[in-house]
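In: Pasting a predicted model and its sequence here:
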Amino acid sequence: MSDRSDFFSDSRRRFLKAGMILTAGIPVARMYPYALNITNREQFDGDGDDKLYELFRQPSVAAKPFVRWWWNGDKLDAREILRELDILKDAGIGGVEINPIAFPGGDDLAVPSMEWLSPEWIEMIKVALEGAAERGIVCDIIVGSGWPFGSEILEGDDRSQLITVSSQKIRGPGEIAIEQNKIKEDAKPKIGWPYKGMEIEITELSLAPLKMDRFVPPVRIDFDNRQEVIRIQAPEGEHILYALVKVTGFQAVINGAPGASGPVLNHYSREATEKFLNRMSDTLFPRLTSLKGFRAMFCDSMELEGANWCRDYPEEFRRRRGYDIKPYLPYILYKVGHMGQIVQGDEVTQVSGEAKEELSRVRYDFFVTCMDIIHERFLTTYTGWCNKHGFKSRMQPYGNEFHPLEASMPIDIPECETWIWGHTNRETNRTYIDFVREPASTNVNKFVASAAHYAGKKIVSCEEVTNTTLVFNTTLEQVKICGDQSNLSGVNHSILHGFNYSPAETPFPGWIRYGTFFNERNPWWKYFKQWTAYKARISTVLQETEAFADIAVMHPLADMWTLYGPQRDPFPGLLYPSYQYKVWEGIHKNGNGCDYTCESIIQKSKAENGHLVYGNRRYHTLILLEVETVQPATAKALSGFVARGGKLILVGREPHKSPGLVNYKKNDLAVAKTVEAMKKAYPSRIFHIEAPSGDIVEWFAGVQKQCGVKPYMEIDRPNACISQIRHRTRGRDIFFISNASQEERVILNVSFPDTKGNPQLWNAETGDRRPLPAEKTLPIDLPPATSQLIVFEESAARPLIGAAPVRLRPENGNSSTLKGWTMRTEHINGVTETREIDTPFDLVDDESLRSFAGYVYYEKKLGNAAGYLRLDLGKVYGVSEVSVDGEVIGNRWYGSHVYDLPGDASGKTLCIKISTTVGNYLKSSPNNQSGNHWVRNGGWTPVGLVGPVRLT
């Protein structure tokens, strides 16, 4: 890596000459390798009023990362449970989510499975609760096992239901023979986890025209459902024959453990939901009365595979929407594929004109009714049940059947998810992650976090570092970037995905159900606690302060649902518009902050003094992304916001119509008139902006200039690698800034125009804080994967560790590349080898080392090192630890692997230890069922010290 001086302009050199610089958020020895006047911790013992900083120094258990603790196959032993709790506590984990799940395969050590809610299983729960309480660990528990909720005991309409359709073109006149089995097989949902005991019933046959420009109800055909071959008389001409098909119990619980597998629950039924939940509370909770118990009950992914029905759905639809849904069903339903996606290709009535308009509005009403019923009968029932028994509800409330924002609001701890996305370059056969182009946070994160802000929820939880592509190849640096991107999206509580229950005697790598290899047998596990300490301090600050946003963004949900239907979040089948989930990134990377909003929030907001206000959320700007459809009440609220000084930005399109069928012409006219009147009355506050077609960061920078949107953080050169969030609390303004690149170092000049007080740098790895120059513009140096926590403190009375400004000694402009190394490899399989090399290299480039996993040592005796101050390892894939003459001088688990040399190192023995990942080893081990399964289809992952290694 080049010397720091190479990166600074003359103006920055003058700033350095004054003796102060804001550098990366890393330990003191890394941030200030030649710092003077560093006072010791005794200078600050806490003044009693500085509670946030005290919590930052020593985070509470609630702020530490939790883990999803997969109880694989419920093959449990009390001693093993306690052993694993000890491991987790030592690693800095604050809580566990007990998560029984199907056994993943491999050597089960002849351990039998316990059945969910059986007496012996409950005894293991008691062991876990008692052991966790003794160790100061918090416990959550999943309701049931796997996802979605379900059980072998569910029967009849208590199981998930789907109304779907099969269609074909027929010609009359004459008798048409229809085989029921063929229709049922055609309509059968093509999903990933079908339940073998599903029941399929044809509920209606009807004839409809081939084409239709004005709506005509289909003609129902009487038939005898007991006949295997149904015979009907077709009238003259060509027709579309529709068969409505109801499928009950069509989905199986995904990866359910014994006792909680079987068919999925009917989430549209309050009675079925209560029956399922009460079985757990009636069986388990009375046995736990003397224990501390759980913090929260957890509900995992709501992958309902398109479930859309319950026995009273037609009546509920009429009550809520004001008309009968049944004549429309053949036209608006579709066959269901994976994750509830639409299966195209059937012969159906081709609609146009008024018929197309009417049916699209009915389709919207149908989907909204599904969301309403799920919200009332499942979401509120679930949270009510949790609270009744003294627990919080924790849930991932999104999917086809859920409003992406409103569904999170009744949940006590709403949860989203953040993923590691690995890809393989087929030309080089190397795996890679690009966090800049493909951020770890999913599209639901901002919805969930925004909902929590509106509902006044303190905690935004996240299933974090979810990983199916680089399970054994993820580095600690990548874990950090992934976690940082969670925080940037609004998350403040990490539930790691995950920790596998796996006895110590299980052959390597153990029982692996899912997730990043968070395991004591991972070579980098020794250093994992450094990340958990860092993460706990970041979470502390974000949990104890209020997220700030000055812009609200509304997505065209009504338009998407009308045209295409709801999408399966967090992995939608389509994006509407294609850029919709990139806009928030452009906003934050240009120094503003945003929440997502929706029509119900806008309607309930107040407009005052140029702001849209909902509770304690205040926005000076509202952005609509290609929104054409809004309710009249929403249009009225928009007009009121603009009238009171608010700024409205319309991207691509503007509102001009209403959703739904009833009175739609009247409502369309009301929306159009309101918007036109608003535009005429307040032209200077309404901006029409072209939709982005390229770089989203550059696009929003243009929006800021064109619309006069002032950032709270002014960045001289916004960069796609760098994003930020702002939090506030009494007397403090807090900024978290992060670099998502694993390669690029970024240096920025940043101004904070509306902050008060003096800036400090809070170090999330050490718990220290340092004064920064008392200026509103600061140079910020962000090497790869680094982050900073900058706090503006209004009170000047609080003492600081290192109260004098940190000063840097000049850096040596010379450098010397080190060559001639003894390389020793210690494989986790016990094999040790030694060889002489000239310069370090990626081990994957050497076929004899390609499958290596473990520890690599690079040793050499230094020559004349006088005058050199630092050791720069260059590029490292893994965790580095450096010792000089046997004395460890530090380690680096992310970012720049640069070390402060301990005085004159001339003639001393330098040793560099690299702890690697294990994926390459498992990729080359086809007989290792547990491990090879996850890596066999990917490429090789770079491993080891690549360098160049330099003295500087």
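Out: Nice, thanks for sending it over.
In: Output the contacting helices and strands for the lengthiest helix in the chain.
Out: For the chain, the helix reaching the highest residue count under DSSP state H is reported as helix 353-374. Judged by 3 or more C-beta pairs under 8 Å, 6 or more residues apart in numbering; DSSP states H and E, the packing partners of helix 353-374 are helix 313-321, helix 329-332, helix 557-563. To be clear about C-beta, it is placed using only N, CA and C from the backbone, and glycine gets the same treatment.
In: List just the one of these that sits closest to Ala234.
Out: helix 329-332 (16.0 Å; C-beta to C-beta).
In: so how far is the next helix or strand after that closest one from its chain's centroid?
Out: Following helix 329-332 in sequence order, the next helix or strand is strand 335-336 (DSSP states H and E). Between the centre of strand 335-336 and the centre of its chain there are 28 Å (C-alpha atoms, centre = their mean, to the nearest Å).
In: Neighbouring strands - and their directions - for strand 335-336?
Out: Paired neighbours of strand 335-336 in the sheet (DSSP bridges): strand 342-343 (antiparallel).
In: thinking again about what came up before, what's the angle between the helix or strand just after the longest helix of the chain and helix 353-374?
Out: Scanning forward in sequence from helix 353-374 by DSSP H and E, the next helix or strand is helix 380-388. Counting by axes from the mean of the first three to the mean of the last three C-alpha atoms, to 10 degrees, helix 380-388 lies at 20 degrees to helix 353-374.
In: what does the helix or strand following helix 380-388 rub up against?
Out: Moving toward the C-terminus from helix 380-388, the next helix or strand (DSSP H and E) is strand 392-395. Applying C-beta atoms under 8 Å, 6 or more residues apart in numbering, the external contacts of strand 392-395 come out as 140, 295-299, 379, 382-383, 386-387, 410-415, 461.
In: so where's this structure shaky on pLDDT?
Out: Segments of the chain classed as low confidence (criterion: pLDDT under 70) are 1-49, 796-812.
In: again, only this time at 80
Out: Residues of the chain meeting the criterion pLDDT under 80: 1-49, 776, 795-813.
In: circling back to that earlier point, for Ile163, find the nearest of the helices and strands packed on helix 353-374.
Out: If you check each of the helices and strands packed on helix 353-374 against Ile163 by C-beta to C-beta, helix 329-332 wins as the nearest, at 6.9 Å.
In: secondary structure element for Pro100?
Out: Assigned by DSSP H and E, Pro100 falls in strand 95-101.
In: what's the answer for Asp434, then?
Out: Here Asp434 is assigned to no helix or strand, by DSSP H and E.
In: What separation do you get for it and Gly694?
Out: 18 Å (C-beta to C-beta, to the nearest Å).
In: between the two, which one's more packed in?
Out: Set side by side, Asp434 and Gly694 show more neighbours around Asp434, with 14 against 8, by other C-beta atoms under 10 Å.
In: how about the nearest residue to the more buried one, chain neighbours excluded?
Out: Nearest non-adjacent residue to Asp434, counting by C-beta to C-beta, 6 or more residues apart in numbering: His423, 7.5 Å away.
In: Isn't that neighbour up against Phe435?
Out: No. His423 is beyond contact range of Phe435, at 11.8 Å (criterion: C-beta atoms under 8 Å).
In: who's more crowded, these two?
Out: Phe435 (22 against 15).
In: Next up, the contacts around the more buried one.
Out: Residues in contact with Phe435, defined by C-beta under 8 Å, 6+ apart, are 478, 481-482, 485, 740-742.
In: ok, now with 6 Å
Out: For Phe435, the contact set (C-beta atoms under 6 Å, 6 or more residues apart in numbering) comprises 481, 740.
In: same thing with Arg171?
Out: Glu238.
In: Can I take it that Leu52 is in a strand?
Out: No. Judged by DSSP: H, G, I helix; E, B strand; the rest coil, Leu52 forms no part of a strand; its state is helix.
In: any idea how far Ile495 is from the nearest residue to it once chain neighbours are set aside?
Out: Closest residue in space to Leu52, ignoring its immediate chain neighbours: Glu544 at 5.6 Å, by C-beta to C-beta, 6+ apart. Remark: distance between Glu544 and Ile495 (C-beta to C-beta) = 19 Å.
In: So for the two, which sits in the more crowded spot?
Out: Higher neighbour count among Glu544 and Ile495: Ile495, with 26 against 19, using other C-beta under 10 Å.
In: just checking, next helix/strand downstream of the helix or strand where Ser281 lies?
Out: Per DSSP H and E: Ser281 is located in helix 270-284. Next helix or strand after helix 270-284 toward the C-terminus (DSSP H and E): strand 296-299.
In: measure the residue nearest to Leu52 to Tyr855 for me?
Out: As judged by C-beta to C-beta, Glu544 and Tyr855 stand 39 Å apart.
In: Give me every residue in contact with stretch 742-749, excluding its own residues.
Out: In contact with stretch 742-749 (C-beta under 6 Å, 6+ apart) are residues 7, 715-716, 719, 721-722, 739, 779-785.
In: do that again at 7 Å, thanks
Out: Stretch 742-749 is contacted by residues 7, 477, 715-717, 719, 721-722, 739, 777, 779-785 when judged by C-beta atoms under 7 Å, 6 or more residues apart in numbering.
In: Who are the contact partners of Thr946?
Out: Quick fix: residue 946 reads Val, not Thr. If you count contacts by C-beta under 7 Å, 6+ apart, Val946 has them with 840-842, 874-877.
In: change it to 6 Å
Out: Contacts for Val946 were tallied using C-beta under 6 Å, 6+ apart; they are 840, 842, 875.
In: Among those, which one sits closest to Gly591?
Out: Nearest member of those to Gly591, counting by C-beta to C-beta, is Lys875, at 30.8 Å.
In: Distance check, the residue nearest to the closest one when sequence neighbours are not counted against Glu826.
Out: Using C-beta to C-beta, 6+ apart and skipping the chain neighbours, the partner closest in space to Lys875 is Val946 (4.2 Å). Here Val946 is placed at a distance of 19 Å from Glu826 (C-beta to C-beta).
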